[in-house]
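*Asks:* This is the structure alone, sequence omitted:
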């Protein structure tokens, strides 16, 4: 994958600080970019939509709280300090009984709802 | 960058657990792989070597403790929950007064000492 050269200021990013800047759910914010990948922070609560990504593997790292990742054949519980990599092509649905804060790591091309378009789709993301 | 398709089990990874499996310093361990990138965990103490990476941006996310990233023109202090992205080409040297645990995110091709070969160079990394 090619990306245009980015001019990036080299600065410390604090996850808690970035997460304090918004209170929307299922609305990822870009907080870093490297090697054509985005680092995002997001808050989940409730159930997302079932989807997959044809070309992107996705990493979910729990910063605060907990959620479960539903796969078609099982569920995986994730707590602060846990991460999960969902390979491309694998259907998944994050579900959080209470609000959870998550760091996402995925290619810059990744759309949050993957192959599905819904009211949850965020085609353009804010950068914090 | 091309990577061979990887068959990956989908499983929860706990950072603390992985970090408890070794006590060496400057010796990154691979704990995840996605989109041609590696997720690594590493423990630092003391001073590393000055180096840069010609083709890779590197992300350092502090899991426990603190360290400072020395750049040629300044230093950046990083504590748990902070991350820093060092763009390709930028000389840097991590220094930790006390042991710190760090998550690295970088292309699978990344050599820990970049353009420099020293006794600190780790050409092949364990997977935990």
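*Replies:* Perfect, thanks for sending it. Computed from a predicted structure; not experimentally measured. Numbers count the residues shown, from 1 in each chain, chains lettered A, B, ... in the order given.

*Asks:* Next one: the residue nearest the centre of chain A, what pLDDT does it get?
*Replies:* When C-alpha atoms, centre = their mean is applied to chain A, the residue found nearest the centroid is residue A:104 (3.5 Å). pLDDT recorded at residue A:104 is 97.

*Asks:* Identify the residues contacting it.
*Replies:* Taking C-beta atoms under 8 Å, 6 or more residues apart in numbering or on different chains as the criterion, residue A:104 is in contact with A:28, A:38-42, A:58-61. C-betas here are computed from N, CA, C, even on glycine.

*Asks:* Kindly reformat the residues you listed as TSV containing pLDDT and secondary structure.
*Replies:* What follows is the contacts of residue A:104, written out as TSV (pLDDT from 0 to 100; DSSP: H, G, I helix; E, B strand; the rest coil):
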residue	pLDDT	secondary structure
A:28	96	coil
A:38	96	strand
A:39	97	strand
A:40	97	strand
A:41	98	strand
A:42	98	strand
A:58	97	strand
A:59	98	strand
A:60	98	strand
A:61	98	strand
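
*Asks:* So which bits of chain A are right by chain B?
*Replies:* Within chain A, the positions adjacent to chain B are A:1, A:6, A:8, A:10-16, A:32-35, A:37, A:39, A:56-59, A:63, A:71, A:76-78, A:81-87, A:90, A:105-107 by C-beta under 8 Å from any C-beta of the partner chain.

*Asks:* out of those, which are inside strands?
*Replies:* A:13-14, A:32-34, A:37, A:39, A:58-59, A:63, A:71, A:76-78, A:82-86, A:105-107 (DSSP state E).

*Asks:* about what we covered before: select only the buried ones of the residues of chain A next to chain B in ChimeraX?
*Replies:* Buried members of these, defined by 16 or more other C-beta atoms under 10 Å in any protein chain shown, are picked up in ChimeraX with:
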select /A:12,13,14,15,32,33,34,35,37,39,56,57,58,59,63,71,76,78,81,82,83,84,85,86,87,90,105,106,107
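
*Asks:* any low-confidence regions in chain A?
*Replies:* A:1-8 (pLDDT under 70).

*Asks:* quick one: contacts for residue A:84?
*Replies:* Contacts for residue A:84 (C-beta under 8 Å, 6+ apart) come out as A:59-60, A:69, A:76, A:78, B:10-13.

*Asks:* can you do 6 Å?
*Replies:* Residue A:84 makes contacts with A:60, A:69, A:78, B:12, as judged by C-beta atoms under 6 Å, 6 or more residues apart in numbering or on different chains.

*Asks:* give me the number of residues near the nearest residue to the third one once chain neighbours are set aside?
*Replies:* In this case it means residue A:78. Leaving aside its chain neighbours, residue A:78 sits nearest to residue A:62 (5.1 Å; criterion: C-beta to C-beta, 6 or more residues apart in numbering or on different chains). Using other C-beta atoms under 10 Å in any protein chain shown, the number of residues around residue A:62 comes to 23.
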